[in-house]
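Participant: Just the structure for this:
(one chain, ligands or ions: 1)
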Amino acid sequence: MIKPSKLNFLTSGIPLSTKKPGTLEGLKQVKKLDLDGMELEFVHSIHVTKEKVPEVSKIAKENNLMISCHAPYYINLNAKEKPKWHASISYIVQSAKITYLCNGYSVCFHPAYYMKDDHRLVYDKVKEAIKLILKELKENNMEIWVRPETAGKISQFGNIKELIDLSSEFENVLPCIDWSHLHAYSNGKYNSTEEFREVLSLMEKKLGKNALNNVHFHCQGVQYSEKGEKNHVNLKDSDLNYKDLVKVWKEFKLKGIVTCESPNIEEDAKLLKELYYK
Ligand SMILES: [Zn+2]
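Facilitator: Below you'll find the predicted structure:
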């Protein structure tokens, strides 16, 4: 498992300022921008092929860049049809394997939709799926963090409590905390220093110091309604109190990665990094 030595700031996908297309060029641009890595966006497809892996891994290592990925959006570990449930597991495993081979640190995914089911039953189905995902990775000797992400919409499984419980049942599983999702899901809560501290203290209490030494966060501007997240916007166009959030990250002396999913990609990633290290 890769052990981060500090809090790293990553773009979500290829920076907009990248002159030539492709992941490799994107990584070089990330380095030029003085950012710390890239989250591979597999949200529509797992687009890094086995053939491309050695080059991605080489550039990442040479430039000391952290790599993570966001697995496809079409995953639902609460799918009713068995083939869909198995396919969802397979998308996460494939994403994790490719990312691991790229010298990657962590794979995050939106675990499931409640689909009006009893929340406890959904929890059990997600847990059963994660067990199979970990088994497959272990059989291949692939050590990478598996991260169910905090839900942005109220129709989605994954509030902070569910994800902390789930993580406490496995090694190699920790929540991906999307701070904008916490804020949007609760229709405007999780926006004060106290609330930010509460989340990190709960993680430390239930999952140990190790969880704070291995964070995977998302943070971007967000617009929302009573149903949760509507869309991502740039930080300056959102009411997310990112300045206090960054202060709380500092207080807790975190290690790991923060991926910024703002539409301006590198601008907000740089903004957060500068705030954190100033
Ligand atoms: Zn996400």
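Participant: Spell out the residue ranges of the helices in the stretch 1-150 of the chain.
Facilitator: Defined through DSSP state H, counting those that start in this stretch, the helices belonging to the stretch 1-150 of the chain, from first to last, are 23-32, 53-62, 82-101, 119-139.
Participant: Could you report the distance from the closest residue to Ile154 other than its chain neighbours to Lys61?
Facilitator: In space, and not counting its chain neighbours, Ile154 is closest to Gly228: 4.9 Å by CB to CB, 6 or more residues apart in numbering. (Each C-beta comes from the backbone N, C-alpha and C, glycine too.) Using CB to CB, to the nearest Å, one obtains 38 Å as the distance from Gly228 to Lys61.
Participant: Same check on Lys31?
Facilitator: Applying CB to CB, the value for Lys31 to Lys61 is 12 Å.
Participant: Ile14 touches Gly26, doesn't it?
Facilitator: Yes. Contact between Ile14 and Gly26 holds when scored by CB atoms under 8 Å: they sit 3.4 Å apart.
Participant: what is in contact with these two at once?
Facilitator: Residues within reach of Ile14 and of Gly26 at once, by CB atoms under 8 Å, 6 or more residues apart in numbering, are Met38.
Participant: Neighbour count for Lys31 and Lys61, which is higher?
Facilitator: It is Lys31, of Lys31 and Lys61, that has more neighbours when counted by other CB atoms under 10 Å, with 18 against 12.
Participant: Name all residues that make contact with that one.
Facilitator: Listed by CB under 8 Å, 6+ apart, the contact partners of Lys31 are 63, 65.
Participant: Kindly recompute the last result at 10 Å.
Facilitator: 37-38, 59-60, 62-65 (CB atoms under 10 Å, 6 or more residues apart in numbering).
Participant: One more: His216?
Facilitator: With contact taken as CB under 10 Å, 6+ apart, His216 is in contact with 4, 10, 39, 66, 68, 105-108, 145, 147, 149, 174-178, 256-259.
Participant: How about Val233?
Facilitator: Residues in contact with Val233 (CB under 10 Å, 6+ apart) are 180, 220-223, 240, 262-264, 268.
Participant: Among these, name the buried ones.
Facilitator: Applying a neighbour-count criterion of 16 or more other CB atoms under 10 Å, the buried members of those are 180, 220-222, 240, 262, 264, 268.
Participant: For beta bridges, what are the partners of the residue nearest to Ile154?
Facilitator: On the basis of DSSP bridges, Gly228 is bridged to Lys153, Ser225.
Participant: so what's it scoring on pLDDT?
Facilitator: Confidence per residue is given as pLDDT, and for Gly228 that number is 96.
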